[in-house]
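Trainee: I would like the atomic coordinates for the input below:
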Amino acid sequence: MQALHLLCQMNPAQALIVRAKAVELCRMPGLAVLLTLDHCEPDSDSELAGDLVAFVSGLLLGSDDKVRTWFAQYVRSCQKKGETGKGSTLEALRGELLSRLQRLVLFSMEQQDLPDCRVVQANSLLRLFCALRGIAGLKFTEDEVAVLVQLATSHPPPSAAGIRFVSLGLCMLLACPSLVSSQEHEKQATRWIRWLMREESYFGRTSGVNASFGEMLLLIAIHFHGNQLSPIADLVCSTLGMKIPIRPNSLAKMKAVFTQELFTDQVVTAHAVKVAVTPNLNANTAGFLPVHCIYQLLKSRAFTKHRVRIKEWVLKQLCASVPPLHPILPALVEVYVNSVIVPSCKGSQETTNEPLSEEEIASVFGQVLQDGAANGTQGKHAVGTGCVTSRDDTSGLMVPQLLLLYYLLLYEDTRLNNMKAIVTSGRKVKRYGADFLSQLPMRYLVTTAQRDERYAGLFPPLLRLLASHHPHLCMVDDWLRGEGGAVTSLPQR
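Mentor: Alright, predicted model coming up:
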């Protein structure tokens with residue numbers, strides 16, 4: 001290895017070719033590291049300071065499993081007793097990475113906040129250290145822990161890159177328990193998360209990013225309260241973009257911070273209902289959204305426990321949805337209906353949510369209830385529910401109408417299935433009138449869900465409920481005639 005290294009120093013033009021060959025053959029990882037370090041300008045802050053971070057990240061996070069295993073084994077073997085001396089290649093790599101962390105922290109301290117031009121570099125370094133820890137099993141030194149905590153808890157600018165930095169820093173604290181092992185670092189992390197809670201709305205307004213770290217904080221807190229540690233591990237892995245092992249007992253300290261100091265059960269529910277709904281929510285909307293948080297809180301009955309009204313928020317989010325249908329929306333309707341009819345405590349009326357009123361539902365359908373046909377004028381009747389619909393296409397309110405039809409059919413189904421318990425307890429449960437239901441264009445909506453793949457997730461449950469409670473709308477002859485009309489309308493070949 002030393003001979004090859006000296007030859008490459010004599011002919012630097014061949015260094016990267018030799019490095020690529022070492023990676024291709026999975027041989028001499030130490031040589032690949034040394035050749036990469038040779039191209040790093042010492043104490044350089046420019047982007048031309050070599051490709052060290054990109055190279056090592058590519059080895060650990062690339063698509064080649066063989067290369068990943070090879071380099072991870074190199075890191076593990078170098079940490080064995082007697083092989084972590086001052087002259088080892090791993091030590092040289094760690095020294096260079098630590099110096100880069102220290103320079104970023106210095107910038108952050110000098111300017112009070114992490115400057116925007118350094119956020120992308122910080123994101124790459126945080127993600128690399130997560131990979132070194134989670135994939136290669138690197139054990140952080142005290143110096144590395146101190147600098148990583150200092151950098152991860154920096155205050156980034158309110159930009160898309162800044163939100164990404166916060167998400168990575170938060171996930172790093174969860175994925176690397178050694179960062180909060182000391183009481184001082186735990187307090188530092190707690191202060192930083194508290195700052196995030198205060199600044200979340202400002203970041204969202206300024207950056208223009210809908211799915212920000214506020215929803216992630218809320219979702220983590222909800223999972224911790226429900227002792228659902230596996231979803232937290234999945235969330236961390238998906239945010240970091242890597243599959244790393246996260247043991248449940250390693251989350252104990254962060255769980256205490258979230259549930260006892262930052263997000264008590266009551267704080268979570270009070271905060272969640274104030275979060276704005278996601279405009280134009282559809283299947284292409286990525287990230288951790290407010291609707292995910294509300295879904296989990298409804299599932300755990302947190303709103304009924306603390307008597308927080310959630311009906312208006314649910315209706316607004318349904319009305320703010322557009323095709324293609326987001327997969328969380330049918331599940332949201334299901335847990336909401338369940339929380340309206342089935343009490344969390346037996347015999348108590350106070351432990352259920354408030355159902356939607358007929359007036360609220362009618363305002364979404366608008367003119368449809370009067371002339372029995374879907375038309376483009378329906379949007380102007382939906383203002384009272386928070387349905388802001390400036391969309392001109394006739395499918396503008398199709399998602400809200402389909403979801404509300406699903407709500408009504410599922411509500412009736414759940415009510416009938418729980419009728420014995422309702423009668424026994426003497427509770428009064430709302431029942432939607434037959435006259436009101438008869439005005440809804442059920443057949444038209446279900447047929448639309450069948451023919452348009454953008455609503456495919458709703459068609460099977462809608463058809464099942466329609467066949468159970470309105471069998472006259474599911475006559476075989478009618479459906480066959482409808483299919484026949486669709487076939488004859490196709491162009492002849």
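Trainee: longest helix of this protein?
Mentor: As far as residue count goes, and with DSSP state H defining each element, the longest helix of the chain is helix 183-207.
Trainee: list the helices and strands that helix packs on?
Mentor: helix 142-152, helix 160-175, helix 213-225 (3 or more CB pairs under 8 Å, 6 or more residues apart in numbering; DSSP states H and E). The way it works is simple: take the backbone N, C-alpha and C, and place the C-beta from them, glycine included.
Trainee: mind giving me CSV with the ones you listed and columns for distance to Ile232?
Mentor: CSV is the format used below for the helices and strands packed on helix 183-207 (distance: least, CB to CB, whole Å):
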stretch, distance to Ile232
helix 142-152, 17
helix 160-175, 7
helix 213-225, 5
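Trainee: what about stretch 407-415, distance to the chain center?
Mentor: 29 Å (CA atoms, centre = their mean, to the nearest Å).
Trainee: surely Met197 is in contact with Leu262?
Mentor: Yes: taking CB atoms under 8 Å as the definition, Met197 is a contact partner of Leu262 at 7.0 Å.
Trainee: and Leu297, which of the helices and strands packed on helix 183-207 is closest to it?
Mentor: With respect to Leu297, and counting by CB to CB, the nearest of these is helix 213-225 at 6.0 Å.
Trainee: which of the residues in the longest helix of the chain are buried?
Mentor: Applying a neighbour-count criterion of 16 or more other CB atoms under 10 Å, the buried positions in helix 183-207 are 185-186, 188-190, 192-193, 196-197, 199-200, 203-204, 207.
Trainee: what do you get for stretch 16-25?
Mentor: Of all the residues in stretch 16-25, those buried under the rule 16+ other CB under 10 Å are Leu16, Val18, Arg19, Ala22, Val23.
Trainee: in helices only, show me these.
Mentor: Where the buried residues of stretch 16-25 overlap with helices, as defined by DSSP H, the overlap consists of Leu16, Val18, Arg19, Ala22, Val23.
Trainee: rewinding a little: can you add distance to Met1 and give the buried residues of stretch 16-25 back as a markdown table?
Mentor: Below are the buried residues of stretch 16-25 laid out as a markdown table (distance: CB to CB, whole Å):
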| residue | distance to Met1 |
| --- | --- |
| Leu16 | 17 |
| Val18 | 11 |
| Arg19 | 12 |
| Ala22 | 10 |
| Val23 | 14 |
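Trainee: and the helices and strands packed on helix 183-207: which comes nearest Lys428?
Mentor: Taking CB to CB, helix 213-225 is the member of the helices and strands packed on helix 183-207 nearest to Lys428, at 30.8 Å.
Trainee: got the angle for the very next helix or strand once past that closest one vs helix 160-175?
Mentor: For helix 213-225, the succeeding helix or strand toward the C-terminus, using DSSP states H and E, is helix 229-240. Helix 229-240 and helix 160-175 are oriented at 140 degrees to each other (axes from the mean of the first three to the mean of the last three CA atoms, to 10 degrees).
Trainee: could you say what helices and strands helix 229-240 packs with?
Mentor: Helix 229-240 sits against helix 116-134, helix 160-175, helix 213-225, with contacts defined as 3+ CB pairs under 8 Å, 6+ apart.
Trainee: what number of residues lie near Asp51?
Mentor: Other residues near Asp51 number 15, with proximity taken as other CB atoms under 10 Å.
Trainee: check Cys117 too.
Mentor: Under the neighbour criterion other CB under 10 Å, Cys117 is assigned a count of 12.
Trainee: quick revisit: among the buried residues of helix 183-207, show me the least confident.
Mentor: For these, the least confidently modelled position is Ser207, at 60, judged by pLDDT.
Trainee: what's the closest of the helices and strands packed on helix 229-240 to Ala272?
Mentor: Checking the helices and strands packed on helix 229-240 against Ala272 by CB to CB gives helix 213-225 as the closest, at 6.0 Å.
Trainee: now do the contacts for Tyr74.
Mentor: Under the criterion of CB atoms under 8 Å, 6 or more residues apart in numbering, the neighbours of Tyr74 are Pro29, Gly30, Leu90.
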